[in-house]
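1. predicted model and sequence follow; I will ask about them next.
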Amino acid sequence: MSKNLVIVESPAKAKTIEKFLGSDFTVASSFGHIADLPSKDIGVDIQNGFKPQYEISADKKDVVKKLKDLAKKAETVWLASDEDREGEAIAWHLFEQLKLKKDHTKRIVFHEITKNAILKAVENPREIDYHLVNAQQARRVLDRLVGYELSPVLWRKVKKGLSAGRVQSVAVRLIVEREMEIQNFKSVATYKVDAEFETNDQKKFKAKLNEGFDTKDQAEKFLQSCIGAKFSIADKQIKPAKKSPAPPFTTSTLQQEASRKLGFPVAKTMRVAQQLYEEGFITYMRTDSVNLSKEALAMAKTTIVGSFGDKYSQVRNFTTKSKGAQEAHEAIRPTNMSLSSINLTHDTERLYSLIWKRTLASQMSDADLERTTVSVENNQNKHLFTAQGEVIKFDGFLKLYIESFDDDEEAEKEGMLPQMNVKDVITPSYINATERYSKPPFRYSEAALVKKLEELGIGRPSTYAPTISTIQNRGYVEKPTIEGAERKYTQLILKNAKIEAKQLTEKVGADKGKLVPTDIGIVVNDFLVKNFDHVMDFGFTAAIENKFDAIAEGKEAWDKVVSHFYKDFHENVTDVAENAEREKGERLLGQDPETGKNVYARLARYGAIVQIGESTDQEKPKFASLQGNQTINNITLEEALGLFGLPKTLGNYENKEVIVANGRYGPFVKWDTMFVSLPKDANPLETTMEQAIELIQTKQKADAPVGSYNGLPVQKGVGRFGPFIKWNNMFINVSRQYDLATLTDMQIQEIIEAKLKKEEEKVVKSFDKEGITIEKARWGRFTLIKGKIKIELSKETNVENLELSDVLAILQAKNGKSKGKIKK
């Protein structure tokens, strides 16, 4: 057995490290955290200094047992989890849960997985940094307190099943406020003037008027004054300029650039970067630093000089501007600068190439440019046109890496101006005055939100991706496709001494892949901002992050930071729970012309609805669900009234009525006994008979039997959890060893019989007459089942000794909570 046991967080990391260490070392994985706060309890002893009550989750018990066995046989245990706060906490949990001895335990860290880095780390071990552990612990405990105390308030005051998080709620606030800015934005029209001129040697260039016009009349008057005018070059200025490269990547800038250039969501960027790190291709990917080590600078210079020549090399030392930079001490860079490409997956290759180019470009020379600005005047008015051009004299770093959106060759061609001198006479090919509307702020992309959070000092490199994933998973934010609407605008064209007016159209408001708050996200945000303004304050949230940084530096005690926060927060929660009004998420749209009753858009148990009438009226109000991209904030009275046109008969198909309607789970088409859901974002009021028939035929084809078993038909399909077959009202998952498209009768029989055997083995005890069974559940527990009622029993329950009376008592107790009635 090896004398040394090295423990890391992931199997991939273990596999890479194992290649660099000799036979005296065994490398094992903890598969992330082995201990955490309990999932079904607050897990924090508030009365005892906020002491966390960590436990080993059921799915990690086998891992811990294996690691304990390996640790007992090893002379030295090396804790080699990542070098950030999360990694330090993992190392501490391993030390505590495995009951390791301090004299036989060493902590090692490295920011790249290369042979030199690993061997250097082994030569320079240290102890666990409890300041980092406490910083992570403070974040975990504080966030747990916020979640567990805020969520019940949301259940009572807004809607059951909601949850809130400290940083996540602030991120949602940013998105909601941006959406409100967009909805409240009033576009203002002005006329922008651009022209194309021709020089004496027939070279063309474009120019823009320095100012616009507020009205169509003003624009037309200007164009009239240009008819027959003599245009000439009033001024020409040529100035040298330089462009400098951006620093190498931090976590935030990598997420932003991967989003812009590669179209990666933030979570995907981190997942791919993690793979590159664990395979040993890049340095640690959670970092605030833009610094490069001396070895990295030397490697970069050698590669640049060898590939491009001496004049392209310029060694640069960038300084980290981020306050409280707390993760690794180096930027994200390749571990081997001479390796320009790798052979893994398509995504890893693309992200690696981006990192490689950005890193090398940061150590390359400035680009030398020549910028030319030309002013154009005429003899009939005082307005000046301006044309600008740019010529690259020396490409420098641009030879390797061009900033996002600047790699379009057309843009470079348009930037070059023909040779001209002051007083040269030029001829206008055309002059356009185009009506242009001011634009609302842009919605946040994932990358833009990361940038904003970083600017505000909210969150840290390890929290950006989880925050953005969480707010989407909770249904507070989504990334829909917004179709937009057509808008007319006017263009006045002066050509050949004549002015022509054209009516043109453009699409406005369209968006795709941007973060948009849902109705529930807006309602929850409004409630939290109204009642927990301190917790939802951007400055306060950033101040808490600074407190975590201070804990990591040993300047603050973690429990005191949590205690100081909790005192005011808990009082706030208690006050809101007792005194705050329920958040209706309601908007009055107007009155129903038929009844004169109020029409509301509001949040209900299963989503956003419109309502005609009051809940206090003698006659029950009418309800209808919102459709497609309709929201409480954007639906109009006309659209709301239209929703009450359902259910609607579209016609007959094969002598049976086709109806489109709206149900609890969304809009659907009903034909005979068949129900077919409409596609997401489809508007049932706009569904045609042809579309309905297509849905019916697709459903018929999908439901057609693919075989039979014991005389009953077998159907197949693909659901939420993957491919399945349906037999005798039983849904059975089809494993990867089978091809759903080519299932044979023998394979169908195998799958069904294996499922039946598994179901039979699950039943521990049954009371057939009462329709009650007790079955094995996960993690050694048992489940009592009667119809749709399922009750989890603890491991300690001796199910063999349970009598019918015991089981009925358990059901009755459950029934008492749910106010139902169990029939014996």
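-> That came through, no problem.

2. now do the strands in the stretch 201-350 of the chain.
-> Here the stretch 201-350 of the chain has its strands, by DSSP state E, counting those that start in this stretch, at 204-209, 231-243.

3. of all those strands, which lies closest to His93?
-> His93 lies closest, by C-beta to C-beta, to one member of those: strand 231-243, at 47.9 Å. (C-beta placed from N, C-alpha, C; glycine too.)

4. just for the stretch 701-824 of the chain, where's the confidence low?
-> 720, 778-780, 816-824 (pLDDT under 70).

5. what ranges do the strands span in it?
-> 707-709, 712-719, 722-727, 730-733, 763-767, 772-776, 782-786, 789-793.

6. so which of the ones you listed comes closest to Lys699?
-> The closest of those to Lys699 is strand 712-719. By C-beta to C-beta, the value is 10.1 Å.

7. residue ranges in the chain under the pLDDT threshold?
-> Applying pLDDT under 70 to the chain picks out residues 1, 321-328, 403-415, 664-665, 720, 778-780, 816-824.

8. scan it for its longest helix.
-> helix 130-157 (DSSP state H).

9. what's downstream of it, the next helix or strand?
-> Per DSSP states H and E, the first helix or strand lying C-terminal to helix 130-157 is helix 166-184.

10. next, the angle from the helix or strand that comes right after that following helix to strand 204-209.
-> Under the assignment DSSP H and E, the closest C-terminal helix or strand after helix 166-184 is strand 189-198. If you take axes from the mean of the first three to the mean of the last three C-alpha atoms, to 10 degrees, strand 189-198 sits at 150 degrees to strand 204-209.

11. how about residues contacting strand 189-198?
-> Strand 189-198 is contacted from outside by 204-209, 212-216, 218-219, 222, 231, 376, 385, 387, 426-438, 489, 492, using C-beta atoms under 8 Å, 6 or more residues apart in numbering.

12. re earlier: so which elements touch the longest helix of the chain?
-> Applying 3 or more C-beta pairs under 8 Å, 6 or more residues apart in numbering; DSSP states H and E, we find helix 130-157 packed against strand 44-45, strand 51-52, helix 85-97, helix 166-184, helix 519-531, helix 538-552, helix 558-579.

13. just the residues contacting the third one, thanks.
-> Where contact means C-beta under 8 Å, 6+ apart, the residues beyond helix 85-97 that reach it are 7, 9, 30, 32-35, 54, 56, 64, 67, 79, 81-82, 100, 105, 107, 109, 128-130, 132-133, 135-137, 139-140, 326-327, 462, 552.

14. buried stuff in it?
-> For helix 85-97, burial by neighbour count (16 or more other C-beta atoms under 10 Å) applies to 85-95, 97.

15. as TSV, those residues with distance to Gly585 would be great.
-> Output for the buried residues of helix 85-97, formatted as TSV (distance: C-beta to C-beta, whole Å):
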residue	distance to Gly585
Arg85	37
Glu86	36
Gly87	41
Glu88	42
Ala89	38
Ile90	41
Ala91	45
Trp92	43
His93	41
Leu94	46
Phe95	48
Gln97	45
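
16. can you tell me which two in those residues are farthest apart?
-> Spatial extent of these (C-beta to C-beta) is set by the pair Arg85 and Gln97 at 18.3 Å.

17. how about the strands in the stretch 1-150 of the chain?
-> Under DSSP E, counting those that start in this stretch, the stretch 1-150 of the chain gives strands at 4-8, 25-29, 35-36, 44-45, 51-52, 55-56, 76-79, 105-107.

18. among those strands, which comes closest to His564?
-> Closest of the strands of the stretch 1-150 of the chain to His564 is strand 44-45, at 15.3 Å (criterion: C-beta to C-beta).

19. that closest one pairs with which strands, and in what direction?
-> strand 51-52 (antiparallel) (DSSP bridges).

20. so what's the gap between the strand it pairs with and the chain middle?
-> 31 Å (C-alpha atoms, centre = their mean, to the nearest Å).

21. with stretch 260-269 instead?
-> Relative to its chain's centre, stretch 260-269 lies at 10 Å (C-alpha atoms, centre = their mean).

22. got the end-to-end distance for that stretch?
-> End-to-end distance of stretch 260-269 (C-alpha to C-alpha, to the nearest Å): 11 Å.

23. ok, Lys786 to Ala777 distance?
-> Distance, Lys786 to Ala777, by C-beta to C-beta, to the nearest Å: 15 Å.

24. picking up where we left off before, between the buried residues of helix 85-97, which is nearest Lys670?
-> The closest of the buried residues of helix 85-97 to Lys670 turns out to be Glu86 (C-beta to C-beta; 51.1 Å).
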